[in-house]
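A.B. asks: Sequence and predicted structure, then a few things I'm wondering about:
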Amino acid sequence: MDQRLVTDVKESENGKYTLIKDVEDNQLGMFDKPLRCFGCGIGWFSLLLGFVFPLMWYYGTILYFGSYYHKDPRERAGLAANAIAALIFTIAVLITIAVILF
């Protein structure tokens, strides 16, 4: 029997953890890399920046409906939040214009 396997079994019996993956294979997966825009992703960054510059919500909405999240599924929630914020902002602007004109 392999000496390494024997020591791993003994360590696991003592309550220590063993690695399942290969130690030499340290390739990062697609989702191990941090997201763009300071690590929070384009969607959430656009949402936060949209409170200062609301056109960023429409940019995030265009990315959402353009299926940008297929490149990285972690972006989907932030881009969907932009679509909701753009919808709320558009309705608020239309109501404000209707009140002012009528």
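C.D. replies: Received, thanks.
A.B. asks: Please tell me how far Leu55 sits from Thr90.
C.D. replies: 12 Å (Cβ to Cβ, to the nearest Å). Quick note: C-beta positions are derived from backbone N, CA and C, even for glycine.
A.B. asks: cool, Ile84 as well?
C.D. replies: For Ile84, the distance to Thr90 (Cβ to Cβ) stands at 11 Å.
A.B. asks: Then Val99?
C.D. replies: As for Val99, its distance to Thr90 is 15 Å (criterion: Cβ to Cβ).
A.B. asks: what's the answer for Arg74, then?
C.D. replies: Between Arg74 and Thr90 the distance is 26 Å, computed by Cβ to Cβ.
A.B. asks: what do you get for Leu101?
C.D. replies: Separation of Leu101 from Thr90 (Cβ to Cβ): 16 Å.
A.B. asks: Likewise for Lys33?
C.D. replies: Distance, Lys33 to Thr90, by Cβ to Cβ: 34 Å.
A.B. asks: more neighbours, those two?
C.D. replies: Taking neighbours as other Cβ atoms under 10 Å, Lys33 and Thr90 compare with Thr90 leading, 14 against 9.
A.B. asks: so what's that one scoring on pLDDT?
C.D. replies: Predicted confidence (pLDDT) at Thr90: the value is 95.
A.B. asks: Distance of it relative to Val52?
C.D. replies: 18 Å.
A.B. asks: likewise Ala80?
C.D. replies: Going from Ala80 to Val52 by Cβ to Cβ gives 21 Å.
A.B. asks: So for the two, which residue has more residues nearby?
C.D. replies: Applying other Cβ under 10 Å to Ala80 and Val52 shows that Ala80 carries more neighbours, namely 16 against 7.
A.B. asks: got a pLDDT number for that one?
C.D. replies: pLDDT, read off for Ala80, is 91.
A.B. asks: I'd say it and Tyr64 touch.
C.D. replies: Yes: counting by Cβ atoms under 8 Å, Tyr64 is a contact partner of Ala80 at 6.0 Å.
A.B. asks: Can you list the buried residues in stretch 57-77?
C.D. replies: Across stretch 57-77, burial judged by 16 or more other Cβ atoms under 10 Å covers Trp57, Tyr58, Tyr59, Gly60, Thr61, Leu63, Tyr64, Tyr68, Tyr69, Asp72, Glu75, Arg76.
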